[in-house]
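# Starting from these lines, generate the structure:
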Amino acid sequence: MSKVAFCWKCGAPVTEEDAFCRNCGAPVTAQQSQVAYAQPPYQQGQQGQQGQGQYLKQPMPKDKVAAGLLAILLGSLGIHKFYLGYNTAGLIMLLCTVFTLGLAACVFGIIGLVEGIIYLTKSDEEFLNTYVYNSKPWF
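Residues are numbered from 1 along each chain as shown. Coordinates of the predicted model:
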């Protein structure tokens, strides 16, 4: 009997025999399946039950293209950090830009550009594992 997992991209059920998600076509790898078994991706206002009374909160998968474009276009404001759920890092970037009257915008703009390029050059799986599941807020 095959285990049921959930697609890392859309949350649809997949089995361990599936190479691709039947709903969105995303590749299903063994590493992603191990992360995804037992619970669909976390959606706002919902929690999945894991074990006896323990709750597992998984983040909703984020789109690397959206994060990359936000980082490149609005990097000095830290909007890409808020999008990825790194509110503290986003707030640091936003407040430094505002309180220095835009002087720090050049520095944070370069940081955003570099992070945007890094986001866009990673594979979908690597992006999700690094920035969504493992929570790496800087570079």
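# can you count the residues close to L84?
Burial of L84 is recorded as 25 neighbouring residues (other C-beta atoms under 10 Å). Where C-beta positions appear, they are placed from N, C-alpha and C, glycine not excepted.
# Please report how far it lies from V107.
20 Å (C-beta to C-beta, to the nearest Å).
# What of G11?
Distance check for G11 against V107: by C-beta to C-beta, it reads 38 Å.
# now do M93
Taken as C-beta to C-beta, the span from M93 to V107 is 10 Å.
# For N23, which non-adjacent residue is closest in space?
A12 (3.6 Å; C-beta to C-beta, 6 or more residues apart in numbering).
# give me every residue that touches the one you found.
Going by C-beta atoms under 8 Å, 6 or more residues apart in numbering, A12 touches 6, 21-24.
# Tell me how many other residues crowd the spatially closest residue to I79 that is not a sequence neighbour.
Excluding its sequence neighbours, the residue lying closest to I79 (C-beta to C-beta, 6+ apart) is L70, at 4.9 Å. Counted with other C-beta under 10 Å, residues neighbouring L70 total 23.
# and L70, what does it touch?
L70 touches 79-80, 83, 116, counting by C-beta under 8 Å, 6+ apart.
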